[in-house]
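In: Got a sequence here, can you build the structure:
(chains A and B)
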Amino acid sequence: NAGVTQTPKFQVLKTGQSMTLQCAQDMNHNSMYWYRQDPGMGLRLIYYSASEGTTDKGEVPNGYNVSRLNKREFSLRLESAAPSQTSVYFCASSKTGISTDTQYFGPGTRLTVL
Amino acid sequence: DAKTTQPNSMESNEEEPVHLPCNHSTISGTDYIHWYRQLPSQGPEYVIHGLTSNVNNRMASLAIAEDRKSSTLILHRATLRDAAVYYCILRDFINTGTASKLTFGTGTRLQVTL
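Out: Next comes the predicted model:
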């Protein structure tokens, strides 16, 4: 069981470039999440997907789009990267959306936008 | 989500117990108390959660005050591998199938020394 995997691990972009962060889970979970973590801060929710075929905005969705490709995969796209999007991005999944469910996190993608 | 207050940092000696406090004076009756931790350069991982009664698992114990306005995460014998940022998070009980989000604060940075 790999759990939650993310690619790439590191990425450097120039302002205005686009990229997609990939996330996959092999635990047959229904719900998936994208968070960002800025230096010295806690994680903030960008988007989430309660189940396959649905997505909803989180706390900081501006500048991002998501796709729930299938039950396993949930991607995050930056259409036109900005320096303010320099951060560490974490993907997570949980079996259901019930609040007592544990969320399992991936190892993160460190993104720098120059 | 109700707010939590944690000390910014704590220190412990290896193999000694550690008590990590969390205040949540505005907790509602349906809020679960969750603890996650984040080891250096990794994604957060679940530690424990509870509602009213004290809880134990292989990682830690959670002691919840009778009025539920505070809780304490107890690591019975700290090791160097327990050095991490510990987050106390309140999650309202949601049972509608809608994904339940984690709202992270800045947590407590635990340092463990020999």
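
In: Now do the contacts for the closest residue to B:N54 other than its chain neighbours.
Out: Spatial nearest neighbour of B:N54, chain neighbours left out: B:A63 (5.1 Å); criterion: C-beta to C-beta, 6 or more residues apart in numbering or on different chains. Any C-beta I mention is one placed from the backbone N, CA and C, and that applies to glycine too. Residues counted as contacts of B:A63 (C-beta atoms under 8 Å, 6 or more residues apart in numbering or on different chains) are B:N54, B:S71, B:T72, B:I74.

In: mind running it again at 10 Å?
Out: Counting by C-beta atoms under 10 Å, 6 or more residues apart in numbering or on different chains, B:A63 touches B:H19, B:P21, B:G50, B:S53, B:N54, B:V55, B:N56, B:S70, B:S71, B:T72, B:L73, B:I74.

In: residue ranges for the strands of the chain, please.
Out: Using chain A here. Using DSSP state E, the strands of chain A run over A:4-7, A:10-13, A:19-25, A:31-37, A:43-49, A:56-57, A:64-68, A:74-78, A:87-94, A:104-105, A:109-113.

In: please go with chain B instead
Out: B:9-13, B:18-23, B:31-38, B:45-50, B:55-56, B:61-64, B:70-75, B:84-92, B:108-113.

In: what is the closest residue to A:G53 other than its chain neighbours paired to in the beta sheet?
Out: In space, and not counting its chain neighbours, A:G53 is closest to A:R68: 6.5 Å by C-beta to C-beta, 6+ apart. On the basis of DSSP bridges, A:R68 is bridged to A:F74.

In: so what pLDDT did A:R68 get?
Out: Turning to A:R68, the model gives it a pLDDT of 96.

In: Look up how far A:C91 lies from it.
Out: 12 Å (C-beta to C-beta, to the nearest Å).

In: wait, what's in contact with residue 81?
Out: All of this is about chain A. Taking C-beta under 10 Å, 6+ apart, one finds A:11, A:13-19, A:63, A:111-114 in contact with A:A81.

In: other chain: chain B
Out: Counting by C-beta under 10 Å, 6+ apart, B:R81 touches B:E14, B:L39, B:V112.

In: Around residue 42, how many other residues sit close by?
Out: Defaulting to chain A. 19 (other C-beta atoms under 10 Å in any protein chain shown).

In: try chain B instead
Out: Neighbours of B:Q42 (other C-beta under 10 Å): 14.

In: cool, and the one 4 residues further on?
Out: The burial count assigned to B:Y46 is 18, neighbours taken as other C-beta under 10 Å.

In: per-residue confidence at it?
Out: pLDDT, B:Y46: 96.

In: That one reaches B:W35, doesn't it?
Out: Yes. With contact defined as C-beta atoms under 10 Å, B:Y46 reaches B:W35; the gap is 7.9 Å.

In: anything in contact with each of these two?
Out: B:M59.
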